[in-house]
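Undergrad: sequence first, predicted model second:
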Amino acid sequence: MADGLYLGLISGTSADGIDAALLNLGAERRIVATTTAPYPDALRRRILDLARSSARIALDDYGTLDVEVGAAFADAALALLRDAGIDPAAVTAIGSHGQTVCHRPALAHPFTLQIGDPSVIAERTGITTIADFRRADVAAGGQGAPLAPAFHAAAFGARAPCGVLNLGGIANITVLATDGGVIGFDTGPANCLMDAWAARHLGTARDAGGAWAAGGTVDAPLLARLLDDPYFAQPAPKSTGREYFNLDWLDAHLPAGRDARDVQATLLALSIRSIATAIGTAGGLREVLACGGGVHNRALMDGLQAALAPAALHSTAVAGIDPDFVEAATFAWLAGERLSDRAGNLPSVTGARGPRRLGAIYPGRG
């Protein structure tokens, strides 16, 4: 049964830390506690290096990184429980998404790869851990992503017709229809390109609030070249990641001598334009609820609000869920679905051949 406390863990494509959310799936149906545990700088650099399109890694290094990330996930879970004053024995299960390092659903032999050894999480916490959520959908011919729309439907369906927009490294949109129908897909970059460009030129993890981009000038010819990428015109179901939209991709489109701040302004415009166009294809939305790290980028949110008008753009906080922890709550909920022996994917979103139970079960100690 799904009733009980479930702890969700995820680090998204930005790899800026581990989000943890403790979800009560009993009659109360509420988030009990949340936290974000930043990765140590050296570990984050190794993760981002591995996620580059041209990355190569020795098997020993890969295995070590898998275990280190698993240990970091376990530490984040235990820190959340300690700070909330909750005994780990009270938690029914952990749902761990892990850290995506490669997502290739379009290959002849498609795959998706998340690291963060779940056996390490189960051993260190003592809590049964559900992990490897995406590969069953890929094996069934699906994209393996996005998986959040099923949770969005459960959490926000009463507000339909509406959209739920996740602004992580990659943006994805869920469209909830009044008849209960759900569609969703990755629209392309939200923060990943802006973050990478800021790291290259400012030495910072991100362009705080979009202030650097806001002071630049959009390069219209460059924006047109970026928007001409075939991914944006590809019909759903579709999904993507940092292994596609990265600095290698940008450099291949970038003429020499462009002002760095103007490039950042153009990347901001790319995110806004591609997201708004994708949402526009759904039609008829009166409200879009935003979540993910991009909600803190004022320039991005202001630009999206203008582009999406007359639809209203709000944070998911108006619906009672902290926008920073919607994805962590998703994997807590998916763990509950798995232990209830229910399907966790939506074929209308991923394109899988049918509903599938998602996640492998790693028993806790005892």
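TA: The structure has been received and is ready for your questions. Numbering: from 1, shown residues only.
Undergrad: run through the stretch 51-200 of the chain and note the low-pLDDT ranges.
TA: Scanning the stretch 51-200 of the chain with the threshold set as pLDDT under 70 gives 53-54.
Undergrad: all strands of it, in order?
TA: 91-104, 111-115, 129-131, 162-167, 170-176, 182-189 (DSSP state E, counting those that start in this stretch).
Undergrad: tilt between the longest one and strand 111-115?
TA: Put plainly, it is strand 91-104. 130 degrees (axes from the mean of the first three to the mean of the last three CA atoms, to 10 degrees).
Undergrad: okay, strand 91-104 in PDB with CA atoms only?
TA: C-alpha atoms of strand 91-104 as PDB (Å, rounded to 0.1, in the frame of the first residue of the first chain):
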ATOM      1  CA  VAL A  91       9.900   5.800   6.300                       C
ATOM      2  CA  THR A  92       8.300   3.200   4.100                       C
ATOM      3  CA  ALA A  93      10.600   3.700   1.100                       C
ATOM      4  CA  ILE A  94      13.000   6.100  -0.700                       C
ATOM      5  CA  GLY A  95      12.400   6.900  -4.300                       C
ATOM      6  CA  SER A  96      15.800   7.800  -5.800                       C
ATOM      7  CA  HIS A  97      15.900   9.200  -9.300                       C
ATOM      8  CA  GLY A  98      19.700   9.400  -9.200                       C
ATOM      9  CA  GLN A  99      21.800  11.600 -11.400                       C
ATOM     10  CA  THR A 100      21.300  11.400 -15.100                       C
ATOM     11  CA  VAL A 101      24.600  11.300 -17.000                       C
ATOM     12  CA  CYS A 102      23.400  10.200 -20.400                       C
ATOM     13  CA  HIS A 103      20.000  10.100 -22.000                       C
ATOM     14  CA  ARG A 104      19.800   8.600 -25.500                       C
END
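Undergrad: give the pairing partners of it; include direction for each.
TA: strand 5-11 (parallel), strand 111-115 (antiparallel), strand 129-131 (parallel) (DSSP bridges).
Undergrad: next one: the residue lying farthest from the centre of the chain from Leu167, what distance?
TA: In the chain, the residue that sits farthest from the middle, by CA atoms, centre = their mean, is Gly257; the gap is 33.2 Å. Distance, Gly257 to Leu167, using CB to CB, to the nearest Å: 31 Å. Every residue, glycine included, has its C-beta placed from N, CA and C.
Undergrad: ok, back up a step: sticking with the residue farthest from the centre of the chain, tell me its helix or strand.
TA: Gly257 is part of no helix or strand, with elements assigned from DSSP states H and E.
Undergrad: got the phi and psi for it?
TA: phi 80, psi 10 (degrees, to the nearest 10).
Undergrad: export the strands of the stretch 51-200 of the chain to TSV and tack on distance to Leu50?
TA: Compiled in TSV, those are given as follows (distance: least, CB to CB, whole Å):
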stretch	distance to Leu50
strand 91-104	5
strand 111-115	8
strand 129-131	18
strand 162-167	23
strand 170-176	17
strand 182-189	19
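Undergrad: please identify the deepest-packed of those strands.
TA: With neighbours taken as mean count of other CB atoms under 10 Å, those reach their highest mean count in strand 129-131, at a mean of 29.
Undergrad: do you have the helices of the stretch 51-200 of the chain handy? List them.
TA: Secondary structure of the stretch 51-200 of the chain (DSSP state H, counting those that start in this stretch): helices at 59-84, 118-125, 135-139, 148-156, 192-202.
Undergrad: can you pull the contacts of Arg261?
TA: Neighbouring residues of Arg261 by CB atoms under 8 Å, 6 or more residues apart in numbering: Trp212, Ala213, Gly215, Gly216.
Undergrad: using CSV, please lay out the helices of the stretch 51-200 of the chain together with mean neighbour count and distance to Arg46.
TA: CSV is the format used below for those (neighbours: other CB atoms under 10 Å; distance: least, CB to CB, whole Å):
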stretch, mean neighbour count, distance to Arg46
helix 59-84, 18, 6
helix 118-125, 21, 17
helix 135-139, 20, 23
helix 148-156, 23, 26
helix 192-202, 21, 15
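Undergrad: quick check: which of the strands of the stretch 51-200 of the chain is nearest to Gly336?
TA: strand 91-104 (7.5 Å; CB to CB).
Undergrad: angle of the closest one against strand 182-189?
TA: 50 degrees.
Undergrad: between strand 91-104 and helix 118-125, how big is the angle?
TA: 150 degrees.
Undergrad: need the per-residue pLDDT for Gly366.
TA: Per-residue confidence at Gly366 stands at 64 (pLDDT).
Undergrad: next, format the strands paired with strand 91-104 as TSV and append distance to Ala269.
TA: Below are these laid out as TSV (distance: least, CB to CB, whole Å):
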stretch	distance to Ala269
strand 5-11	27
strand 111-115	29
strand 129-131	37
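Undergrad: which one of these lies nearest to Tyr231?
TA: Nearest to Tyr231, of all those, is strand 111-115, at 16.6 Å by CB to CB.
Undergrad: which residues does the closest one contact?
TA: 62, 65-66, 69-70, 97-105, 131-132, 134-135, 138, 144-145.
Undergrad: residues in contact with the residue nearest to Ile361 when sequence neighbours are not counted?
TA: Counting by CB to CB, 6 or more residues apart in numbering, the nearest residue to Ile361 once its immediate chain neighbours are dropped is Ile130, at 5.8 Å. By CB under 8 Å, 6+ apart, the residues touching Ile130 are 93-96, 118, 334-335, 338-339, 359-362.
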